[in-house]
Structures are given as structure tokens and as C-alpha cells.
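>>> Provide a 3D model corresponding to the input given below.
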Amino acid sequence: MDDVRCFNYDNVLRQLESTPFELGYFRLTFYTVKGKPVNKRTDTIDLFYLYPSGGTLRDKTFNIVLYDSRFDTNRGFIPPQPKRAAKT
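Predicted coordinates:
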């Protein structure tokens, strides 16, 4: 299965390469069950926000879903070169 919306560490990194960095976060999408990201295809895809300055993944209402030190810039994580959002 090569679906970038299946939640796992590698797919987070893959999405980070193609999503703009804006307001301190990256927007990511994953398959979900009851609002939680899962590593399998489901009928539901939800939006999440990764804040690398704290290593937190937040849901569409900005509630913290998880903390992972692998995504925390304060713990040494270096995200891919962010694509800045276009100025309007």
C-alpha cells in the first residue's frame, strides 16, 4: 500500500515535502477512525496540523492528537525545506 494518507512516520515526512509551511504549521491529511489518524484506508479523510516547533499533531479543531519527539524541532527534527504559503 503506497497511500500517503495512511498514517505513519514515513508518510508524514512525504507529506511535509509537498505541503506549504504557514503560520507555524504544516497541513496534512490522513485516513481517520473517530477523528484519529490510522494506518489503513477508511471512508474518512481529515485535516491535521503538524507544529514542528513542539512536535504536536493537532486535529481540524486544533486539539492535540499526539506528541512525537521525532517531529519536534526542539529535539533535533529538521523538516524539509518548507514551501512558504503565497502571500495574498
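
>>> which residues touch the lengthiest strand in the chain?
As assigned by DSSP state E, the longest strand anywhere in the chain is strand 25-33. Under the contact criterion C-beta atoms under 8 Å, 6 or more residues apart in numbering, strand 25-33 has outside partners 3, 5-7, 11-12, 15-16, 19-20, 37-38, 40-42, 44-52, 57-58, 79, 82. In this view, the C-beta of every residue, glycine as well, is placed from N, C-alpha and C.

>>> let's see it at 7 Å
For strand 25-33, contacts defined as C-beta atoms under 7 Å, 6 or more residues apart in numbering pick out 5-7, 12, 15-16, 19, 37-38, 40-42, 44-51.

>>> Just the buried ones from these?
By neighbour count, with 16 or more other C-beta atoms under 10 Å, the contacts of strand 25-33 hold 5-7, 12, 15-16, 19, 37-38, 46, 48-51 as buried.

>>> Which ones among those map onto strands?
Pro37, Asp46, Phe48, Tyr49, Leu50, Tyr51.
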